[in-house]
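> Sequence first, predicted model second:
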Amino acid sequence: MSWEIGDSEAARLMTDFLAGSAIGVVMVRLAPDGGIVDANDAFRNLFPAWRKDDGRRLQDYLERCDPEAGPAPPSAPATYRLRGNVAPGTRIRGIHLPAVGGFVLIGECLHPTSSDALDKVSATTNELARLNREGQRKYRESKRAQDKLEQRYKLLVETTGQGMVWFDDEGRLLEANPAAMRILGQVDLSCAQEFLMKAIGEDGTPLARESHPVIDAQRSGQARLGVLMGVGDGPTWILLDALPEANPDGASPRIVCATFSDITGKKLAEEEKLRLQAQLQQSQKMESLGLLAGGVAHDMNNVLGAILGLASAHLVDQPPGSPLRRSLETICKAAERGGEMVRRLLSFARQSPVAFSELNLNELLKDEISLLERTTLAAITVRLDMEDNLRPVLGDAGALNRAIMNLCVNAADAMVGSGVLTLRTRNLDGDWIEVAVEDTGTGMSGDVLARAMDPFFTTKAVGKGTGLGLSMAHSTVSDHHGQMEIESTPGQGTRVTMRFPTCPKGARVATLDSVPGAANAGVVRQVLLVDDDDLVRTALRTIVMSLGYRAHLAVSGEEALASLEGGLAPDLVILDMNMPGLGGAGTLPRIRELNPTVPILLATGRVDQVALDLAAAHAGVTLLPKPFGAKELRQHFESIESQ
């Protein structure tokens, strides 16, 4: 029978006691009410009539030798005599010990002649009682410490912000702490399990069951740490550690504890950081391109100015219809077209301000489509979905026309043979409107879409595209303080959406015409030409002389100032803005100090804010955009002489 008494030390001592005893040792197992549940052979030998099921109690067989002392307390030794004249003079010296389901009485039979045995039993019983008390004390202390640890563990699990879940050896969710349910947005364990197991990887693709960190940890017995997963519809991004519990026999599957934290905010912040870094890189790229464009534009304008100036100067000397006149007219047109291309490049690089006016984009789209339908869009079905009473915007009609034309041409190129081009306008909440250009063409892959607005990037064949269409459209939208987005799916088409702020009520429309013009009247006889480029000076000298005026040349601002200080009194100054040394910005104020009234034409291939501010700061200054020819100079001369 199993007695289940004491702790390990008490059990050892009891075993030693029973094995070394020279006389019978009585062991009786008692129920809490004193009923005898079981007894060893020594007890049975003393009381042969006892049976397990007779329902008798211990006091029916034994009585204390000192009954006035009352019932013996647990763990205290006591001496008993046998009832019913059984073995007269025999005593049982024993002790009550707590046991599972009641008590155990352990004692040794003492005969009248066994005084040495009595001493031995007494000493052993006393030591057993002491050890039992010590064991009970240690047990209570251990139980209190264990209870405290369990309370702390429960507090940690229930109050931590870290999600904690437990899966059984079949992959079922057994338990989840409050943080886990909160992160998963669930109140039911089955739903929480579905959310966790139907996860997506960092690349957005679904995780296969066999590669799920919980299942992998369960199968391999190895921890999976720092696994990034997306769960739910959001998704909610979590960083998960899967820790398998070790089985004593090393077998699998195993119970797995998984802990995770919500890093959605951190991941979104990282994505936003990457997006801003990409925008910064794009901005730096555009800034570098703008600096390059500015330098190229200055040199190209000088070359085009010389060509246009000389061709236009000699054009007036040729009879109408003559071959030479037609050739010169072609040269002038080519130079003017080149000048327009330079202006577009400067506008793209945002180094040349545009003339804004109040525009109705519905009308602008209709005009552009009516032009393209006869040529580029002849085989394309065009659908206009325009909102009535579209709010006006403040913008540059030419720049917006070119942007929309580029988008429509790109759409037509993507629809080989036929397709549908849709132009849509909408009023948006707040002071914004939206313009969308949508096609049913071939669409773009993710890699191509990521680079679609990069300057000079194109997927068209050599000679079919410059790679500037989308980037210039994006630049134009940005110049208008707007936003541009591109959505595309291979085989389904592309949609370009532009959003613009509407025109504020009562806004003043500023144009280049608002720059002050020449303020002084007079007859122009002598012109001071100040330019560092020999081609420009030669061309300007020819134009001025062809118009009947004298020309005095200066290769720098410093030389022009020296001539004025030496007594030169021109009737008009044509001053280049971009020159080494003082340049136009440093020379103009000093010219005005030496001659407060002389009209000045400030020539520049880049009408930027610096040039506008310089012209506005000094009376009698008119901006003269490069390239220009004899026609433009004649108009300026006549304007000055008529005042």
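Good, I have the coordinates. Numbers count the residues shown, from 1 in each chain.

> use CA for all of it now, contacts and neighbours both
Noted.

> and this protein, what are its domains?
For the chain, the structural domains run 8-143, 163-262, 357-501, 514-642, going by automatic domain parsing.

> What about V231, how many residues nearby?
21 (other C-alpha atoms under 10 Å).

> Now for the chain: which helix has the highest residue count?
Longest helix in the chain, counting residues (DSSP state H): helix 264-315.

> Which elements pack onto it?
strand 236-244, helix 323-348, helix 534-546, helix 630-642 (3 or more C-alpha pairs under 8 Å, 6 or more residues apart in numbering; DSSP states H and E).

> Each with direction, which strands does the shortest one pair with?
Each strand paired with strand 236-244, and its direction, by DSSP bridges: strand 224-231 (antiparallel), strand 256-262 (antiparallel).

> Check which residues of that strand are buried.
By neighbour count with 16 or more other C-alpha atoms under 10 Å, strand 236-244 contains the buried residues 236-244.

> give me the low-pLDDT residue ranges for the stretch 201-350 of the chain?
Applying pLDDT under 70 to the stretch 201-350 of the chain picks out residues 246-253, 282-283, 286-287, 289-291, 293-295, 297-298, 340-341, 343-350.

> Low-confidence ranges, the stretch 451-600 of the chain, go.
Looking at the stretch 451-600 of the chain by pLDDT under 70, you get 451-469, 504-524.

> what ranges do the helices span in it?
469-479, 534-546, 557-565, 583-594 (DSSP state H, counting those that start in this stretch).

> Just send those back as a markdown table, with mean neighbour count too.
A markdown table is the format used below for the helices of the stretch 451-600 of the chain (neighbours: other C-alpha atoms under 10 Å):
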| stretch | mean neighbour count |
| --- | --- |
| helix 469-479 | 22 |
| helix 534-546 | 21 |
| helix 557-565 | 17 |
| helix 583-594 | 18 |
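
> who wins for proximity to R133 among these?
Nearest to R133, of all the helices of the stretch 451-600 of the chain, is helix 469-479, at 87.4 Å by C-alpha to C-alpha.

> just checking, what packs against the closest one?
Against helix 469-479 (3+ C-alpha pairs under 8 Å, 6+ apart) you get helix 323-348, helix 397-414, strand 483-489.

> what's the angle between it and helix 397-414?
150 degrees (axes from the mean of the first three to the mean of the last three C-alpha atoms, to 10 degrees).

> Okay, angle between helix 469-479 and strand 483-489 too, please.
Angle of helix 469-479 versus strand 483-489, following the same axes, to 10 degrees, is 150 degrees.

> how far off helix 264-315 does helix 469-479 point, in degrees?
100 degrees.

> so where do the strands sit in the stretch 1-150 of the chain?
Here the stretch 1-150 of the chain has its strands, by DSSP state E, counting those that start in this stretch, at 25-30, 36-39, 62-64, 77-82, 91-99, 102-110.

> Which one, of the ones you listed, ends up nearest to L131?
Using C-alpha to C-alpha, the strands of the stretch 1-150 of the chain put strand 91-99 closest to L131, at 11.2 Å.

> for the record, mean pLDDT for the closest one?
Averaging pLDDT along strand 91-99 gives 73.

> Which other helices and strands does it contact?
By 3+ C-alpha pairs under 8 Å, 6+ apart, strand 91-99 packs against strand 77-82, strand 102-110, helix 115-159.

> mind running it again at 10 Å?
Here strand 91-99 touches strand 25-30, strand 62-64, strand 77-82, strand 102-110, helix 115-159, going by 3 or more C-alpha pairs under 10 Å, 6 or more residues apart in numbering; DSSP states H and E.

> Just send the helices and strands packed on helix 469-479 back as CSV, with distance to E175 too.
Listed next are those as CSV, based on distance: least, C-alpha to C-alpha, whole Å:
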stretch, distance to E175
helix 323-348, 61
helix 397-414, 55
strand 483-489, 43
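
> what would these look like in CSV with distance to L528 and mean neighbour count?
Listed next are the helices and strands packed on helix 469-479 as CSV, based on distance: least, C-alpha to C-alpha, whole Å; neighbours: other C-alpha atoms under 10 Å:
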stretch, distance to L528, mean neighbour count
helix 323-348, 24, 18
helix 397-414, 34, 19
strand 483-489, 46, 16
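
> Relative to Q59, which of those is closest?
Q59 lies closest to strand 483-489 among the helices and strands packed on helix 469-479, at 94.8 Å (C-alpha to C-alpha).

> and that closest one, which strands flank it?
strand 493-501 (antiparallel).

> How much space separates S546 from C332?
16 Å (C-alpha to C-alpha, to the nearest Å).

> Over to L359?
31 Å.

> D317 against R325, yeah?
Yes: counting by C-alpha atoms under 10 Å, R325 is a contact partner of D317 at 8.5 Å.

> which residues sit in contact with the residue nearest to the spatial centre of the chain?
The centroid of the chain falls nearest to E271 when counting by C-alpha atoms, centre = their mean (2.0 Å). With C-alpha atoms under 10 Å, 6 or more residues apart in numbering as the criterion, the residues that contact E271 are 265, 277.

> Could you report the neighbour count for V610?
Count around V610 with other C-alpha under 10 Å applied: 12.

> residue contacts, it?
Counting by C-alpha under 10 Å, 6+ apart, the residues that V610 touches are 577, 585, 616.

> If we ignore the residues flanking it in sequence, what's nearest the second one?
The shortest distance from A585 to any residue other than its chain neighbours is 6.5 Å, reached at M577 (C-alpha to C-alpha, 6 or more residues apart in numbering).

> Surely T494 and G446 touch.
No: under the criterion of C-alpha under 10 Å, T494 is not in contact with G446, lying 12.0 Å apart.

> Those two: which is more packed in?
T494 (24 against 13).

> Might you report the residue contacts of the more buried one?
410-411, 414, 421, 437-444, 449, 486-488.
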